[in-house]
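Novice: give me the fold of what follows.
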Amino acid sequence: MKFGHAFKQALEAESYPSHWVDKAIPYRQLKKILGKVREELIKNGYDPDTLHQLLAEHNAEYRLESDDSRLLRPKLLVRPTLHQLSIEHTAQVDSLPTSPTPSSPGGTKSALPDPGQSLNQYPEEAQRPYQSNAGDEWVDVPLDADVRFFSILQEDVTELDTLQDRERQSMTGNIHVIGTEISQVARPRKGLIDFSKSDLYRWREILELYLAAQVFFSTSEASGGARSSEKARKQLVWFQEEVTKRELAQKFKIKSSAVAFQHFLSLNATLLQNLQFQELNQTAVTKIIKKFDKRTSLGVKKTFPKVMNSAHFITESISKDICAQLSREVISLVPQVVDYTCIVCLSICWLPIRLDCNHIFCIRCMIKMQNRNKRLCPLCRADVIQRANETHIDMKLVRYLEKWFPKETKEKQRYNEAERRKELLGDLYVDNGPPPCTVM
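Specialist: Coordinates of the predicted model:
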């Protein structure tokens, strides 16, 4: 299937907003104009093979430059060569008047030179050497079709850039709204009665799954960076399936949580659709530029992206900015346990000790390190362990952890108390917890 037809089908199949489709790259129109570009070049004596040779020999240059109004002005410059001289001479000879010949009285015959005949026998016009109107060795070849081609292409890329900016602003506004909604339904509640009406832990699990899905960006070493739209779609589907499998949306205790979750999914769907639309049009630009080079040999594949480097549509993806903002304004609203985990015991830093080097460890791990005469911080190797005491407990962080992680802090408290009793009682300690695992 030819790309032009596939491009049209893709625009229709994905149910893009009509104002998006109106701004799509006019691939078929550009392809028709490209045919006229080729015809115009051949008419002036510059077929693809000739241009390829002239460019290779540095006897021609094709430039894409911006004028004062930042409009692209393509320019073909050639250096007079034997090729141009032969074209010029042939055109002049063809235009000479004809004369009767003995073999055809009263008839006409083209005045072509005989093998032994000198050019001096022909009028001065036929012997005039090729000259540049500019007075130097380079000639500016006037072309109209390629000016129109790049004028239309630049205009459409610019309009797509404007469309992308508008969509970015729209999604930015939606992120503010979603952030406000989630902050209301996922905020911590005081007391057992209020906590029973909180959706804090449901939202934490949902956002934890979303981070794990890495829908639009991957942080893995093997496949780091921005996702393609197809990969992003698969990751978004996985995220929604996991939420459904765990029945997280059904477990919401506050009605507005369900509304906020639907808004969150809708924003991701819009961002995915935008990414698909951008990729589709970027492919259209790449294809038409490649076809331009194939039909003309002018080699604009490398120069066009450079002259259009101000266009965000060409150089970057909207998903990068939106995902960064989504992380700042929505995902960060519900802190994750991993951000407050002690690197020694890999559980929450209950009664966190903030060392002089500013690194944090839970109090039990700190006591153990001191009892073992450890001196250096496990993270930065600063000599601070033995200087730590009760004044190093970060009480502000203690209150924060109690507020946002009530279950985790209570569990860690119970664990610390049991471990402390075991240390004090030794062999007399009786563990009232569940029996040990018989498998592992």
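
Novice: off-centre distance for stretch 52-66?
Specialist: Between the centre of stretch 52-66 and the centre of its host chain there is 32 Å, according to CA atoms, centre = their mean, to the nearest Å.

Novice: may I have the distance across it, first residue to last?
Specialist: Distances were taken as CA to CA, to the nearest Å; on that basis the terminal residues of stretch 52-66 are 24 Å apart.

Novice: same question, stretch 51-62
Specialist: End-to-end distance for stretch 51-62, by CA to CA: 10 Å.

Novice: average pLDDT across that stretch?
Specialist: For stretch 51-62, the per-residue pLDDT values average out at 89.

Novice: quick one: buried residues of stretch 281-299?
Specialist: Residues of stretch 281-299 classed as buried under the neighbour-count rule (16 or more other CB atoms under 10 Å) are 281-285, 287-289, 292, 296-298. For glycine as for every other residue, the C-beta is placed from the backbone atoms N, C-alpha and C.

Novice: pLDDT for those residues - can I get that in JSON lines?
Specialist: Formatted as JSON lines, the entries for the buried residues of stretch 281-299 read as follows, by pLDDT from 0 to 100:
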{"residue": "Asn281", "pLDDT": "92"}
{"residue": "Gln282", "pLDDT": "90"}
{"residue": "Thr283", "pLDDT": "92"}
{"residue": "Ala284", "pLDDT": "93"}
{"residue": "Val285", "pLDDT": "92"}
{"residue": "Lys287", "pLDDT": "94"}
{"residue": "Ile288", "pLDDT": "94"}
{"residue": "Ile289", "pLDDT": "93"}
{"residue": "Phe292", "pLDDT": "93"}
{"residue": "Thr296", "pLDDT": "92"}
{"residue": "Ser297", "pLDDT": "91"}
{"residue": "Leu298", "pLDDT": "90"}
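
Novice: tell me the one of those nearest Val338?
Specialist: If you rank those by distance to Val338 using CB to CB, Gln282 comes first, at 35.7 Å.

Novice: so which helix or strand takes in that closest one?
Specialist: Of the helices and strands defined by DSSP states H and E, Gln282 is found in helix 255-296.

Novice: tell me what that helix is packed against?
Specialist: Of the remaining helices and strands, those touching helix 255-296 by 3 or more CB pairs under 8 Å, 6 or more residues apart in numbering; DSSP states H and E are helix 3-13, helix 27-43, helix 48-56, helix 145-185, helix 200-213, helix 229-245, helix 312-315, helix 318-329.

Novice: going on from that helix, what's the next piece of helix or strand?
Specialist: helix 303-307.

Novice: dump that following helix to PDB, restricted to CA.
Specialist: As requested, the backbone C-alpha atoms of helix 303-307 are provided in PDB (Å, rounded to 0.1, in the frame of the first residue of the first chain):
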ATOM      1  CA  THR A 303      19.400  20.400   5.600                       C
ATOM      2  CA  PHE A 304      15.600  20.600   6.000                       C
ATOM      3  CA  PRO A 305      15.500  19.500   9.700                       C
ATOM      4  CA  LYS A 306      18.300  22.000  10.400                       C
ATOM      5  CA  VAL A 307      16.500  25.000   8.900                       C
END
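
Novice: how about that helix: buried residues?
Specialist: 303-304, 307.

Novice: and stretch 36-48, by the same measure?
Specialist: In terms of neighbour count (16+ other CB under 10 Å), stretch 36-48 has its buried residues at 37-38, 40-41, 45-46, 48.

Novice: need the max-distance pair from those residues.
Specialist: Top of the distance list for the buried residues of stretch 36-48 (CB to CB): Val37 and Gly45, 14.7 Å.

Novice: Leu55 and Gly299 touch, don't they?
Specialist: Yes - Leu55 is in contact with Gly299 according to CB atoms under 8 Å; the separation is 6.7 Å.

Novice: find residues that contact each of those two.
Specialist: With contacts taken as CB atoms under 8 Å, 6 or more residues apart in numbering, the residues that reach both Leu55 and Gly299 are Tyr62.

Novice: next, count neighbours for the nearest residue to Thr303 once chain neighbours are set aside.
Specialist: On the basis of CB to CB, 6 or more residues apart in numbering, the spatially nearest residue to Thr303 that is not a chain neighbour turns out to be Leu64, at 5.1 Å. Residues lying near Leu64 (other CB atoms under 10 Å) number 18.

Novice: Leu64 contacts Val147, correct?
Specialist: No - the pair Leu64 / Val147 is not scored as a contact, 10.8 Å apart, by CB under 8 Å.

Novice: what do these two both touch?
Specialist: Counting by CB under 8 Å, 6+ apart, the residues touching both Leu64 and Val147 are 73-74.

Novice: sorry, back to before: assign a three-state SS to the residue nearest to Thr303, would you?
Specialist: Using DSSP: H, G, I helix; E, B strand; the rest coil as the criterion, the local structure at Leu64 reads strand.

Novice: tell me the contacts of it?
Specialist: The neighbourhood of Leu64, defined by CB under 8 Å, 6+ apart, consists of 72-74, 150, 300, 303-304, 307.

Novice: reformat those as a markdown table; add distance to Arg372 and pLDDT.
Specialist: Conversion of those to a markdown table gives the following (distance: CB to CB, whole Å; pLDDT from 0 to 100):
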| residue | distance to Arg372 | pLDDT |
| --- | --- | --- |
| Leu72 | 70 | 81 |
| Arg73 | 75 | 85 |
| Pro74 | 74 | 88 |
| Phe150 | 72 | 91 |
| Val300 | 68 | 88 |
| Thr303 | 65 | 84 |
| Phe304 | 65 | 84 |
| Val307 | 65 | 78 |
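
Novice: give me the neighbour count for Phe361.
Specialist: 26.

Novice: brain fart, Asp165
Specialist: Taking other CB under 10 Å as the neighbour definition, Asp165 ends up with a count of 13.

Novice: again, but for the one 3 residues further on
Specialist: The tally of other residues near Arg168 (other CB under 10 Å) stands at 16.

Novice: try Ser15
Specialist: Residues within reach of Ser15, counting by other CB under 10 Å, total 9.

Novice: over to the one 3 residues further on?
Specialist: Residue neighbour count, defined by other CB under 10 Å, stands at 8 for Ser18.

Novice: contact partners for His176?
Specialist: By CB under 8 Å, 6+ apart, the residues touching His176 are Glu329.

Novice: how far away is it from Pro352?
Specialist: Taken as CB to CB, to the nearest Å, the spacing of His176 relative to Pro352 amounts to 32 Å.

Novice: for the closest residue to Phe264 other than its chain neighbours, give me its contacts.
Specialist: Using CB to CB, 6+ apart and skipping the chain neighbours, the partner closest in space to Phe264 is Ile178 (5.7 Å). The neighbourhood of Ile178, defined by CB under 8 Å, 6+ apart, consists of 260, 263-264, 267, 330.

Novice: hang on, the earlier thing: need the buried residues of stretch 281-299 in CSV with distance to Glu242, can you?
Specialist: Listed next are those as CSV, based on distance: CB to CB, whole Å:
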residue, distance to Glu242
Asn281, 32
Gln282, 31
Thr283, 31
Ala284, 35
Val285, 36
Lys287, 37
Ile288, 41
Ile289, 41
Phe292, 46
Thr296, 51
Ser297, 52
Leu298, 51
